[in-house]
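Novice: Quick one: sequence plus predicted model below, questions after.
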Amino acid sequence: MCGIVGYVGPQAAAPLLLETLQKLEYRGYDSSGICVIHQGAIQVAKARGRLRVLQELTRNGQSLPGSIGIGHTRWATHGEPSDVNSHPHLSQSGQVAVVHNGIVENYLELRDFLSEKGYTFASETDTEIAAQLIDHCYHGDPVQAVREAVSLLTGSFALGILFRDHPDQIIAVRKDSPLIVGLGKGENFIASDIPALLKHTRDILRLDEYELAVIRQDGVQVFDRYGDPVEKEVQHVDWDPGAAEKGGYAHFMLKEIMEQAEVLRDTLRPRIKDGAICLDLKHITPEDLRACDRIYIVACGSASHVGHVARYYIEKLTRVPVFVELASEFRYMDPPVTPHTLTIVISQSGETLDTLFALREAKARGSKVLSIVNVVGSSIANESQDVIYTWAGPEIAVATTKAYSAQVAICYLVALYMAQCRGTLPETRLQEDLAALSGLPELASRALQAQDHIQYLASLYFGCKDIFFIGRNVDWAIALEGSLKLKEISYIHSEAYAAGELKHGTISLVEPGTLVVALCTYGPLQEKMISNIREVKARGAIVLALAPEGTPLVEETADHVMYIPRANPLLNPSLAIIPLQLFAYYVALLKGCDIDKPRNLAKSVTVE
Ligand code: G6P
């Protein structure tokens, strides 16, 4: 949700800002802007539309000379996408320029306050208020001005700030929205996320809540909220710089789908050693897991779909009741959390605001929080008692694929670990499951080989107006994700239903030619699925089933079948999602959609 960057060093800032912004476009892409300080003035260029519009406008940055600057790619919150609402925003004196990720919640109140002081406003944004407020607080000391202004802001913010009179420094400060400082040799950077900086440095500092950094060419100083200097630990990121490139694929999404076998290997290998589960939990003890009497799984979007799969694993293997809640609801539902509750928080980015606040809510009520996160050192990872990282590498496509799969695999492992701690699974069965899980990367790579067949199926149905996904038990959880993948990137209306629920309403929408994707991987209820398939076919639906290889009954009943390799049934969720991701991808490709950056969406949702 908005990406910000900044650079100070010997290079021309504008081309570098544009290049780094490109890596953050997944955070928002309705408009963009950059500004630099040159010959004593702040020069701004901004434009509605994709970054390429700004690139053309500035001749790839050539029209803005200067070696210090900040930039922004926007996902509009306050004010429609337009040139004037794009960041950076300048104070009316031209002294202060600001790029912002987050929402200043008290902006109307501050606007009134500033209006009384004679400030006028060019845009409809909350960010412009922040720029003017900093200007108002400025009496020669930029750090003091930012600190004072920030103390008056409520809401969430990561800010990159330039002062015309201090052309050698960028000031960065954050609360609830992510911000990192990149440390180069004789040059330094800021960015919302790591991929922006991989080409330039892999040494970063993560700013904590209310920390303020002064970034100059020759060094970075960080201060806490009270103005005291802080010694930050430098984090070295081992992501390969190529990981944030397309590597010959047409889209990041396809690349990330095809990377899944490797990602599962990287995620599982360090956690299963000689028949033992190594989760390396530091604060959540086996005793805590034995004492826990309920689990909340809290997440947003696809991560919440992972929660439904996790519920299936945990309840099956441990008999502990699991409640899966959307983070945006959990925060406000007065959840009956007690010190015997374990809260599991799932997030790719580790920065989703609702998820972060849900985590804080659970902690405040005495629950221990275990998070499953992809981005090392992110806010959710930092604030949890324990974190298990999914080693999926940077995920750039807005629609998650490889991070989802890594999360599912980790959830299976967490369920096995809990079962081991609670003594609910015989050792022989545990060993069987661990052996099966170790074989998952190989099975995933076999599932990926169905690519051409799935592309063919997509070519038959990309013209559909509505597509329904049905499944029972854990297949319903996968149906939710398959349907979301399809609708978010192809814009085809789609819904996922528990198959037994279909006849309580939705079947009225089935008419001759409606495509129904029927998930039939859950063995115990396969016959019931066959009945559901017959019911929709009787009303003219075309059925595309998904089943393990060698399932003749499904083959006989459905119009087409997408197969996954036959495996330990607990691996089916991990395998079943692969054809559905590929199906969504190829449908969107055939429809000519902008697959990596679907309309209205952003990958990292750092506003409520
Ligand atoms: C956005 C993304 C989804 C993601 C969700 C939660 O909507 O497009 O792919 O599942 O946010 O994000 P998180 O980073 O917390 O997993």
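Specialist: Done, it's in.

Novice: does the ligand sit close to whichever helix or strand R360 is part of?
Specialist: Using DSSP states H and E, R360 falls within helix 353-364. Yes. Under the criterion of C-beta under 6 Å from any ligand atom, helix 353-364 makes contact with the ligand via T355. Where you see a C-beta, it was placed from the backbone N, CA and C, and this is true even at glycine.

Novice: what does that helix rub up against?
Specialist: 156, 176-177, 296, 298-300, 303, 325-328, 330-331, 335, 337, 341, 343, 345-347, 369, 371, 379-380, 383-385, 605-608 (C-beta atoms under 8 Å, 6 or more residues apart in numbering).

Novice: Buried ones in it, by neighbour count?
Specialist: Neighbour counts over helix 353-364 (16 or more other C-beta atoms under 10 Å) mark L353, D354, T355, L356, F357, A358, L359, E361, A362, K363 as buried.

Novice: got those as TSV, with distance to H236 columns?
Specialist: TSV is the format used below for the buried residues of helix 353-364 (distance: C-beta to C-beta, whole Å):
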residue	distance to H236
L353	27
D354	30
T355	26
L356	24
F357	30
A358	30
L359	26
E361	33
A362	31
K363	29
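
Novice: now, which of the residues you listed sits nearest the ligand?
Specialist: T355 (5.1 Å; C-beta to the nearest ligand atom).

Novice: Distance of the closest one relative to D126?
Specialist: According to C-beta to C-beta, to the nearest Å, T355 stands 22 Å off from D126.

Novice: near the ligand, which residues of the protein show up?
Specialist: Proximity of the chain to the ligand (C-beta under 6 Å from any ligand atom) is limited to residues 300-303, 347-349, 352, 355, 398-400, 601, 603, 605.

Novice: Kindly recompute the last result at 5 Å.
Specialist: Applying C-beta under 5 Å from any ligand atom, we find that the chain lies next to the ligand at C300, G301, S302, A303, S347, Q348, S349, T352, V398, T400, K603, V605.

Novice: Toward the C-terminus from the helix holding R360, list the very next helix or strand.
Specialist: Next element after helix 353-364 (DSSP H and E): strand 368-373.

Novice: Just name whatever secondary elements that following strand is in contact with.
Specialist: Contacts defined by 3 or more C-beta pairs under 8 Å, 6 or more residues apart in numbering; DSSP states H and E place strand 368-373 against strand 341-347, helix 353-364, helix 379-383, strand 386-389, helix 402-422.

Novice: Mean pLDDT for the ones you listed - can I get that in CSV?
Specialist: Output for the helices and strands packed on strand 368-373, formatted as CSV (pLDDT from 0 to 100):
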stretch, mean pLDDT
strand 341-347, 98
helix 353-364, 96
helix 379-383, 93
strand 386-389, 96
helix 402-422, 97
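
Novice: Most tightly packed of these?
Specialist: A comparison of the helices and strands packed on strand 368-373 by mean neighbour count, using mean count of other C-beta atoms under 10 Å, puts strand 341-347 on top with a mean of 28.

Novice: Within the sheet, what are the partner strands of it, with directions?
Specialist: If you go by DSSP bridges, strand 341-347 pairs up with strand 294-299 (parallel), strand 368-373 (parallel).

Novice: now it against helix 402-422, angle please.
Specialist: 160 degrees (axes from the mean of the first three to the mean of the last three C-alpha atoms, to 10 degrees).

Novice: contacting residues around strand 341-347?
Specialist: Strand 341-347 is touched from outside by 284, 288-289, 292-300, 303-304, 306-307, 310, 327, 337, 355, 358-359, 362-363, 365-374, 378, 380, 384, 407, 411, 414, with contacts defined as C-beta under 8 Å, 6+ apart.

Novice: Write a PyMOL command that selects only the buried members of these.
Specialist: Restricted to buried positions by 16+ other C-beta under 10 Å, the PyMOL selection for the contacts of strand 341-347 reads:
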select buried, resi 284+288+289+292+294+295+296+297+298+299+300+303+304+306+307+310+327+337+355+358+359+362+363+367+368+369+370+371+372+373+374+378+380+384+407+411+414
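
Novice: Ignoring the adjacent residues along the chain, who's closest to Q55?
Specialist: Leaving aside its sequence neighbours, Q55 sits nearest to L18 (C-beta to C-beta, 6 or more residues apart in numbering; 5.6 Å).

Novice: which stretch of helix or strand covers the one you found?
Specialist: L18 belongs to helix 13-22, assigned by DSSP H and E.

Novice: For that helix, name the packing helices and strands.
Specialist: Identification of packing neighbours for helix 13-22 by 3+ C-beta pairs under 8 Å, 6+ apart yields strand 3-8, strand 31-38, helix 51-57, strand 68-74.

Novice: Output these as CSV; include the columns mean pLDDT and mean neighbour count.
Specialist: Shown next, in CSV, are these (pLDDT from 0 to 100; neighbours: other C-beta atoms under 10 Å):
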stretch, mean pLDDT, mean neighbour count
strand 3-8, 97, 31
strand 31-38, 97, 28
helix 51-57, 95, 18
strand 68-74, 96, 31
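
Novice: thought A392 was touching T267?
Specialist: Yes. In terms of C-beta atoms under 8 Å, A392 counts as a neighbour of T267; the distance is 6.9 Å.

Novice: which neighbours do those two share?
Specialist: Contacts common to A392 and T267, judged by C-beta under 8 Å, 6+ apart, are A406.

Novice: now do the same end-to-end measure for stretch 289-301.
Specialist: Stretch 289-301 stretches 27 Å from its first residue to its last (C-alpha to C-alpha, to the nearest Å).

Novice: Assumed R446 was part of a strand.
Specialist: No. R446 sits outside any strand when classified using DSSP: H, G, I helix; E, B strand; the rest coil, being helix.

Novice: Spit out the contact partners of the closest residue to it other than its chain neighbours.
Specialist: Spatial nearest neighbour of R446, chain neighbours left out: P565 (4.7 Å); criterion: C-beta to C-beta, 6+ apart. The neighbourhood of P565, defined by C-beta under 8 Å, 6+ apart, consists of L443, R446, A447, P548, E549, L575.
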